[in-house]
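K.L.:
Everything below, folded, please.
(2 chains)
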Amino acid sequence: MSEQAQVLVVVGAYLALSLGVGWRAARGTSASATGYVAGDRSMGGLLMYFVTGATIFSAFAFLGAPGRAFSTGGAAFHIIAFGVIGFLPFYWTGPAAARLGREHGYLTQGELVAGQLRSRALAPVMALVGIVAFVPYLALQMRGAGLVLEVLTGGHVSVEVGAAAVYGVVFLYVWHSGVMGVGWTNTLQGMFMMVLAWALGLYLPRAIHGGVGAMFERMDPEFLRMPGLSTSGEPWSWSMYGSSVLVMAIGFSFWPHLFQKAFAARSDRVIRRTVVLYPTFQIFLVPILLIGFAGVGYAPPPSQPDQVLPHLLLQLDIPALLVGLFCAGALAASMSSGDAILHSAASILVRDGWIVGAGRELSAEAERTAIRWTLLPILVLSYVTATTFHEDRVGLLAYAYGPVGQLAPPVLAARFWRGATGQGALAGRVAGSTVTIGLPFVADLGVHPGLPGLAVNALAIVVVSKLTGSGQGSTRNDPRAPSSRT
Amino acid sequence: MRLRDMLLAAYLAVAVLSLTGVLFRDLATHDGLVLGVPVGLAWVTGWALATFACMALYHVTRPERGEDAGHGDDSEGAR
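P.N.:
You can find the predicted model right below:
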């Protein structure tokens, strides 16, 4: 059997296992929208830990992050830095959201904000912005999966075919099992990724440089020093480093697909324990960075920084079985984010767009069916994006974090400030996103554009809420809020 | 504000300022290796471990409020 065939057999076995685990996960959950979107609010600690951890660690983990370490040195440490603090707000926002979810039947972030601020218009706006960030993010996962398969099979499986095959499996288990399929496959994939990351992170420096310490001793200390280099190879400024960490940390727990898991948790205690344990997931990134550093000085170098890991594996003449295992691990990283994004995007479109925004009523079964059918166009749109645009992973992820970070002020205002109004939150959301996306085309302030975006966002919420706030406070916690349903 | 809340707030303030490079920049960018890895990598990994320990301590000292599986409790910080 050829090496490519052996790789494909291992990948095929992994995909079959994922499909089996994801398919069986539906057992025990109801056929309602709450069952499909939030697993009947029954997720325990193990699932929550892996669903939140593996969801965030995407194709970026095995491709973008090693590439960043390889090409930008000490700048790559910011990938760990923002994750250390990024999930902590969820210790307070998660249980608060879960309680409101139980009381009012919320299943999405948009529903919560719209319901708390009594503004139907907010839900579809938040859904739209979420989808704008979701599609390139999902496309990134698909392209990552396709690229890994193409490189490691020596071009026998193209990016297009590989992405279609992998995401065909994702579609099947998300279609059948909803969030519980996402949860159980993420648990499998998370464990697999951790083992593989440590195995490769220790093996490659040893095979190439004689060990981790020996590898770093040979490198230029300047290269390893923060803030390192930008992706264009220029020295990165501390203001860009610090503001990037801050913006990505603020946006971290407000990614709609991550925030939504608050509604799936069995109890507040489960959410809090998950947050407490979460920094341990950051340790998983250490070997990922070691993999990237292992490629520094290696000849021949990879054609692109993102290719450093598959490039090293092919160059080192590693047994095909191990290459296949790596390939499966990289697919696990891609799928563990892609499935959550796909599931979340479909539920957000139906719940926030159709039910809350358009004010349509659907039976529980019809709603689940609508969400299932919505998976398909999102998947197709993302696939077309993945196979058409070839944006680099780091740039695409940084782009996605900017607008997502702008979700934080409206969500926090909706939950923790009685004076906030729907108009204020809407104005903040639009103003913040506009500044974040538009600023790089107008001026370079030397900081991540999301930071001035957040300032404008918060200011707009306060000013517009003050101007439109009379009489709003008394209805803020009215249980007849939009989408007060299960 | 209880003592544990104040201590956590102080810890988080220092953590955020340190991880964004505002505080202890010289310490974080010192040349050399710690446990075989660059100081900067050891620095951010150390913050991950310290944050886990700090949050665990904060969590276990949380006053009991009768929460149980399937039910929430009163949410701290909620209005």
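
K.L.:
for the stretch 351-486 of chain A, which spans come out with low pLDDT?
P.N.:
The stretch 351-486 of chain A contains residues with pLDDT under 70 at A:390-402, A:470-486.

K.L.:
where are the low-confidence patches of the chain?
P.N.:
You didn't pick a chain, so chain A it is. Along chain A, the model assigns pLDDT under 70 to residues A:390-402, A:470-486.

K.L.:
oops, chain B please
P.N.:
B:65-79.

K.L.:
how about the strands in it?
P.N.:
Along chain B, the segments classed as strands by DSSP state E run B:33-34, B:37-38.

K.L.:
element containing residue A:17, please.
P.N.:
With elements taken from DSSP states H and E, the one containing residue A:17 is helix A:3-24.

K.L.:
Redo the strands of chain B as TSV? Include distance to residue B:27 and mean neighbour count.
P.N.:
Every C-beta, even on glycine, is put in place using the N, C-alpha and C of the backbone. TSV is the format used below for those (distance: least, C-beta to C-beta, whole Å; neighbours: other C-beta atoms under 10 Å in any protein chain shown):
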stretch	distance to residue B:27	mean neighbour count
strand B:33-34	11	15
strand B:37-38	13	22
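
K.L.:
returning to what we had before: report the distance from the next helix-or-strand element following the helix holding residue A:17 to the chain centre.
P.N.:
Later in the chain than helix A:3-24, the nearest helix or strand by DSSP H and E is helix A:33-38. In terms of C-alpha atoms, centre = their mean, to the nearest Å, the centre of helix A:33-38 is found 20 Å from the chain centre.

K.L.:
Please export the C-alpha coordinates of helix A:33-38 as PDB.
P.N.:
C-alpha atoms of helix A:33-38 as PDB (Å, rounded to 0.1, in the frame of the first residue of the first chain):
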ATOM      1  CA  ALA A  33     -35.300  23.400  19.200                       C
ATOM      2  CA  THR A  34     -34.000  23.500  22.800                       C
ATOM      3  CA  GLY A  35     -32.800  19.900  22.400                       C
ATOM      4  CA  TYR A  36     -31.200  20.600  19.000                       C
ATOM      5  CA  VAL A  37     -29.600  24.000  19.800                       C
ATOM      6  CA  ALA A  38     -28.900  23.700  23.600                       C
END
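
K.L.:
Please enumerate residues in contact with it?
P.N.:
A:29, A:40-41, A:101, A:105, A:107-108, A:178-179, A:260, A:263-264, A:343, A:347, A:351, A:364, A:367-368, A:371-372, A:486 (C-beta atoms under 8 Å, 6 or more residues apart in numbering or on different chains).

K.L.:
And for stretch A:456-467?
P.N.:
Taking C-beta under 8 Å, 6+ apart as the rule, stretch A:456-467 contacts A:406, A:409-410, A:413, A:417, A:419-421, A:423-433, A:435.

K.L.:
can you narrow those to ones near chain B?
P.N.:
Contacts with chain B within the contacts of stretch A:456-467, counted by C-beta under 8 Å from any C-beta of the partner chain: residue A:417.

K.L.:
Return a PyMOL selection command for the buried portion of the contacts of stretch A:456-467.
P.N.:
The buried residues among the contacts of stretch A:456-467 can be selected in PyMOL (16 or more other C-beta atoms under 10 Å in any protein chain shown) with this line:
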select buried, chain A and resi 406+409+410+413+417+420+421+423+424+425+426+427+428+429+431+432+433+435
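
K.L.:
on that earlier part again, for the helix holding residue A:17, the distance to its chain's centre please.
P.N.:
With C-alpha atoms, centre = their mean, you get 23 Å for helix A:3-24.

K.L.:
likewise stretch A:141-160?
P.N.:
Counting by C-alpha atoms, centre = their mean, stretch A:141-160 is centred 21 Å from the centre of its parent chain.

K.L.:
which parts of it are buried?
P.N.:
Here stretch A:141-160 shows A:141-153, A:157, A:159 as buried, counting by 16+ other C-beta under 10 Å.

K.L.:
Endpoint to endpoint, it covers what distance?
P.N.:
13 Å (C-alpha to C-alpha, to the nearest Å).

K.L.:
same deal with stretch A:286-302?
P.N.:
Span of stretch A:286-302 from end to end, C-alpha to C-alpha: 21 Å.

K.L.:
And the contacts of it?
P.N.:
Looking at what lies outside stretch A:286-302 - C-beta under 8 Å, 6+ apart - the contacts are A:61-62, A:65-70, A:76-77, A:79-80, A:197-198, A:200-202, A:204-205, A:208-209, A:212, A:215-216, A:218-219, A:223, A:305, A:308-309, A:311-312, A:315, B:37, B:41, B:45.

K.L.:
could you flag which of the residues you listed are buried?
P.N.:
Using 16+ other C-beta under 10 Å, the buried ones in the contacts of stretch A:286-302 are A:61-62, A:65-70, A:76-77, A:79-80, A:197-198, A:200-202, A:204-205, A:208-209, A:212, A:215-216, A:223, A:305, A:308-309, A:311-312, B:37, B:41, B:45.

K.L.:
Mind checking which of these are in helices?
P.N.:
Among the buried ones among the contacts of stretch A:286-302, the subset assigned to helices under DSSP state H consists of A:65-70, A:79-80, A:197-198, A:200-202, A:204-205, A:208-209, A:212, A:215-216, A:223, A:308-309, A:311-312, B:41, B:45.

K.L.:
ok, so what distance separates the nearest residue to residue A:381 once chain neighbours are set aside from residue A:129?
P.N.:
Using C-beta to C-beta, 6 or more residues apart in numbering or on different chains and skipping the chain neighbours, the partner closest in space to residue A:381 is residue A:135 (5.8 Å). From residue A:135 across to residue A:129, the span is 12 Å (C-beta to C-beta, to the nearest Å).

K.L.:
How about residue A:151?
P.N.:
34 Å.

K.L.:
do residue A:27 as well
P.N.:
Separation of residue A:27 from residue A:129 (C-beta to C-beta): 35 Å.

K.L.:
what about these two, which has more around it?
P.N.:
residue A:129 (20 against 8; other C-beta atoms under 10 Å in any protein chain shown).

K.L.:
That one and residue A:434 touch, don't they?
P.N.:
No: using C-beta atoms under 8 Å as the test, residue A:129 is too far from residue A:434 to be in contact (10.9 Å).

K.L.:
Many thanks, I have nothing further to ask.
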